[in-house]
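*Asks:* What follows is a predicted protein model with its sequence.
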Amino acid sequence: RKEYIRSIPHIIIPKFTLGNIHSRHDTEYRLVVMESGQISQNALEAARLGAYKYLTRKLGEQNFFMKIMVFPHHIIRENKMMAMAGADRLQDGMRLSFGTPIGRAARVRKGQTIITVKADKTQLEIVKEALRRAASKLPLKCRILVSFQ
């Protein structure tokens, strides 16, 4: 119901594609969620930064390609409640309880890919560690899948 939403929060993720876009690599690494849920844009940005900084430090800017595969479309709302004596006389409770926008989130399903990294086969352990660090920033259980081309 868009008529209740007055202002939509900005997207804080500046880039969804990182690294060398034009490079050719023989291995694709994917971070896949194991359960359905929502991932806030703050968690996505933390995962992106954690993986990207580790990869650039270990491999350099030109030796990998990373892409965030989900977009935070869903607007998260909060119905603020007072927590004091006599609050029931001042607030409306659950009447008109749509809430105000506080952030954005990406809705994901079980088995959906969150982050894709393309790199060489020789850099297997480095990329897996970067994706493990990214997975620790996310609220859902994740798995790392590797496919050789």
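*Replies:* Sure thing, it's come through. Numbers count the residues shown, from 1 in each chain.
*Asks:* residues contacting the most centrally placed residue in the chain?
*Replies:* Residue closest to the mean C-alpha point of the chain, counted by Cα atoms, centre = their mean, is Leu44 at 2.3 Å. Neighbour list for Leu44: Ile13, Ile68, Val70, Pro72, Ala106, Ile114, Leu138 [criterion: Cβ atoms under 8 Å, 6 or more residues apart in numbering]. No exception for glycine: its C-beta is placed from N, CA and C like everyone else's.
*Asks:* Relative to Phe98, which of these is nearest.
*Replies:* Nearest to Phe98 among those is Pro72, at 19.4 Å by Cβ to Cβ.
*Asks:* Regarding this protein, what is its longest helix?
*Replies:* For the chain, the helix with the greatest residue count under DSSP state H is helix 41-59.
*Asks:* so which of the contacts of Leu44 comes closest to Glu35?
*Replies:* Nearest member of the contacts of Leu44 to Glu35, counting by Cβ to Cβ, is Leu138, at 11.0 Å.
*Asks:* Tally up the residues packed near the closest one, please.
*Replies:* 20 (other Cβ atoms under 10 Å).
*Asks:* quick one: it and Glu45 touch, right?
*Replies:* No: Leu138 is beyond contact range of Glu45, at 11.1 Å (criterion: Cβ atoms under 8 Å).
*Asks:* hmm, back to that, which element follows the longest helix of the chain toward the C-terminus?
*Replies:* strand 65-68 (DSSP states H and E).
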